[in-house]
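Peer 1: sequence first, predicted model second:
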Amino acid sequence: MPDVSGIRIDLSDDSVAWQPCHIGKGAIIGSKCSIGALAHIGSEAVLGDRVRVQGGAYIANECIVWDDVFIGPNATLLNDKYPPSRDATKWAPVIVEARAVIGGGATVLPGVKVGENAVLAAGAVLTRDLPSDEVWAGNPAKFLMTRTAYEEAR
């Protein structure tokens, strides 16, 4: 069997991406980030320092992800309120604040903010802002527990 493993691409500031993946024009990637294979980082998106984006994740154009965020495999951050508008004036990028966790397969709708230290459970659909230090799950996502309780359970 041939070697089909991804190829490591060293980016600036000790960041790495695994091919195949897409990093759009004008995207800003902070230091010590990791971008998994098949991930999509949209044009003009911003990743802070030490962000981990797992394989298959999709971050739409102009989304902002602050420092120390984890984005699980196949998670989706959307920006287009009326897809496919192809009209950036109708976009509302997602903002993910520092130390938040977006679980695998979770979806964050356009214009929604994920607060600092917040956790969105795997498979959840976030339709409104998730406050800092809370854990939400479900479709639509709703409060499950505090981040403190989550950390104690880990």
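Peer 2: It's in.
Peer 1: going forward, measure contacts and count neighbours with C-alpha atoms only.
Peer 2: Fine.
Peer 1: would you agree residue 33 is in contact with residue 65?
Peer 2: No: here residue 33 does not reach residue 65: they are 11.3 Å apart, not a contact under C-alpha atoms under 8 Å.
Peer 1: roughly how far does residue 55 sit from residue 153?
Peer 2: Remark: distance between residue 55 and residue 153 (C-alpha to C-alpha, to the nearest Å) = 26 Å.
Peer 1: next: residue 145.
Peer 2: Residue 145 is 11 Å from residue 153, by C-alpha to C-alpha.
Peer 1: which one's more surrounded, the two?
Peer 2: Set residue 145 next to residue 153 and count neighbours by other C-alpha atoms under 10 Å: residue 145 wins out with 14 against 7.
Peer 1: can I get the CA coordinates of the host helix or strand of the more buried one in PDB?
Peer 2: For residue 145, the host element (DSSP states H and E) is strand 142-146. Provided in PDB are the C-alpha atoms of strand 142-146 (Å, rounded to 0.1, in the frame of the first residue of the first chain):
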ATOM      1  CA  LYS A 142     -28.500  25.000  25.100                       C
ATOM      2  CA  PHE A 143     -26.800  25.400  28.500                       C
ATOM      3  CA  LEU A 144     -25.500  22.100  29.900                       C
ATOM      4  CA  MET A 145     -23.100  23.100  32.700                       C
ATOM      5  CA  THR A 146     -20.400  25.600  33.700                       C
END
